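J.: Predicted model follows, preceded by the sequence.
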Amino acid sequence: MTGRTRTILITGVSSGLGRAFATAALDAGHTVVGTVRKEADATAFTALHPERAHARVLDVIDDAAVRATVDEVERSVGPIDVLIANAGYGLEGTFEETPLSALRAQFDVNVFGAAATVHAVLPHMSARRRGHVLAVTSMGGLVSFPGVSAYCGSKYALEGILEAIGKEVAPFGIHVTAVEPGSFRTDWAGRSMIRTPRTVPDYDDLFAPLRAARQQASGRQPGDPARAAAAVLHILDAPDPPAHLVLGSDALRLVRAGRDAVDRDLNAWEDLARSTDFPQEGTTSG
């Protein structure tokens with residue numbers, strides 16, 4: 001990797017893509033502050049590089065703790081050049097079978113946890129007129145799949161927030177990128193997935209094969225976390241980094257298919273969409 005070294009804050013570095021991002025950044029000479037939820041994970045993370053790996057125990061749904069941690073890192077480690085809001089988890093289940101409490105918990109972490117972290121770093125980056133905010137959403141933030149409605153909903157929400165933020169802070173020299181991975185060989189579909197109990201037999205034919213296929217695919221996904229990390233580091237040196245970074249051939253295929261489906265609806269119902277405008281002056285309605 002070329003370019004200057006940076007101080008990078010990454011949430012959720014105990015495993016998965018967060019650990020891959022952190023390891024690659026350390027190998028490239030960057031200073032990394034990684035957040036974890038357990039002291040044992042903090043010790044293990046610091047051991048990756050005694051001088052440049054800094055661990056912080058943090059629950060991202062604690063807004064005050066998030067802001068206090070960011071402010072403390074700015075003082076004790078240095079200005080945060082890059083944020084990678086990675087902390088999150090998967091929730092599997094049909095919408096009807098998913099308790100609303102589980103839906104709220106999913107949004108607390110995947111949406112509000114990421115939002116709190118971005119909210120905390122922006123004043124510092126804005127004052128310096130530079131910075132790069134990245135957040136890990138999912139291909140499920142651009143195209144939805146049956147059986148993970150709560151997860152997709154949380155990622156769609158985060159996508160919308162990030163895209164709008166990017167337009168707000170561009171004049172300050174701050175870049176914002178949504179990272180949309182496909183299926184990678186992490187624990188996301190294994191121990192990191194929460195699965196709601198089955199309660200409605202009507203969904204058996206649809207959902208039972210989906211759940212079985214996801215469990216069987218765990219550990220055999222096409223995506224390589226190390227290569228994902230290399231791709232993320234690559235765009236840090238790009239003069240005009242993307243607002244959306246889709247990772248994985250499966251994600252490209254599925255997101256494109258989802259966009260094509262939206263385009264078909266736009267084209268098929270274009271006349272009806274236009275019919276809702278007030279008539280233009282000088283025209284009469286039929």
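T.: Nice, thanks for sending it over.

J.: Convert the C-alpha atoms of stretch 59-68 to PDB, please.
T.: Output in PDB follows, covering the C-alpha atoms of stretch 59-68 (Å, rounded to 0.1, in the frame of the first residue of the first chain):
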ATOM      1  CA  ASP A  59     -20.700  -1.000  23.700                       C
ATOM      2  CA  VAL A  60     -21.700   1.000  20.700                       C
ATOM      3  CA  ILE A  61     -25.300   1.400  21.800                       C
ATOM      4  CA  ASP A  62     -24.100   3.500  24.800                       C
ATOM      5  CA  ASP A  63     -24.200   6.900  23.100                       C
ATOM      6  CA  ALA A  64     -22.400   8.700  26.000                       C
ATOM      7  CA  ALA A  65     -19.700   6.100  26.100                       C
ATOM      8  CA  VAL A  66     -19.200   6.300  22.300                       C
ATOM      9  CA  ARG A  67     -18.600  10.000  22.400                       C
ATOM     10  CA  ALA A  68     -16.400   9.800  25.500                       C
END
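
J.: so where's the protein uncertain?
T.: Low-confidence segments of the chain (pLDDT under 70): 1-2, 187-192, 215, 217, 219, 283-286.

J.: Helices along that one, start to end?
T.: With DSSP state H as the criterion, the chain has helices at 16-27, 39-46, 63-76, 100-107, 114-128, 149-169, 204-217, 225-236, 249-268, 270-274.

J.: Which elements pack onto the shortest one?
T.: If I follow you right, that is helix 270-274. The criterion is 3 or more C-beta pairs under 8 Å, 6 or more residues apart in numbering; DSSP states H and E, and there are no helices or strands that helix 270-274 contacts. Glycine gets a C-beta too; all of them are placed from N, C-alpha and C.

J.: for the fifth one, same thing?
T.: When contacts are defined as 3+ C-beta pairs under 8 Å, 6+ apart, helix 114-128 sits against strand 7-11, helix 63-76, strand 82-85, strand 131-136, helix 149-169, strand 174-181.

J.: which one of the ones you listed lies closest to residue 198?
T.: Nearest to residue 198, of all the helices and strands packed on helix 114-128, is helix 149-169, at 14.8 Å by C-beta to C-beta.

J.: Quick check: buried residues in that closest one?
T.: Going by neighbour count (16 or more other C-beta atoms under 10 Å), the buried part of helix 149-169 is 149-159, 161-162, 165-166, 169.

J.: any idea how far residue 160 is from the residue nearest to residue 129 when sequence neighbours are not counted?
T.: Setting aside the residues directly before and after it, residue 129 is nearest to residue 173 in space (C-beta to C-beta, 6 or more residues apart in numbering), at 4.5 Å. Separation of residue 173 from residue 160 (C-beta to C-beta, to the nearest Å): 23 Å.

J.: cool, and residue 119?
T.: 15 Å.

J.: ditto for residue 197
T.: The separation that residue 197 has from residue 160, given C-beta to C-beta, amounts to 30 Å.

J.: Same question for residue 104.
T.: Counting by C-beta to C-beta, the gap from residue 104 to residue 160 is 18 Å.

J.: re the thing from before, burial check on the residue nearest to residue 129, number of neighbours?
T.: 13 (other C-beta atoms under 10 Å).

J.: ok, now residue 62?
T.: By other C-beta under 10 Å, the residues close to residue 62 number 13.

J.: and what of residue 8?
T.: Using other C-beta under 10 Å, residue 8 has 26 other residues around it.

J.: Over to residue 80: give its phi and psi.
T.: phi -80, psi 110 (degrees, to the nearest 10).

J.: separation between the closest residue in space to it that isn't next to it in sequence and residue 32?
T.: Leaving out its chain neighbours, the residue that sits closest to residue 80 by C-beta to C-beta, 6+ apart is residue 9, at 5.0 Å. For residue 9, the distance to residue 32 equals 8 Å [C-beta to C-beta].
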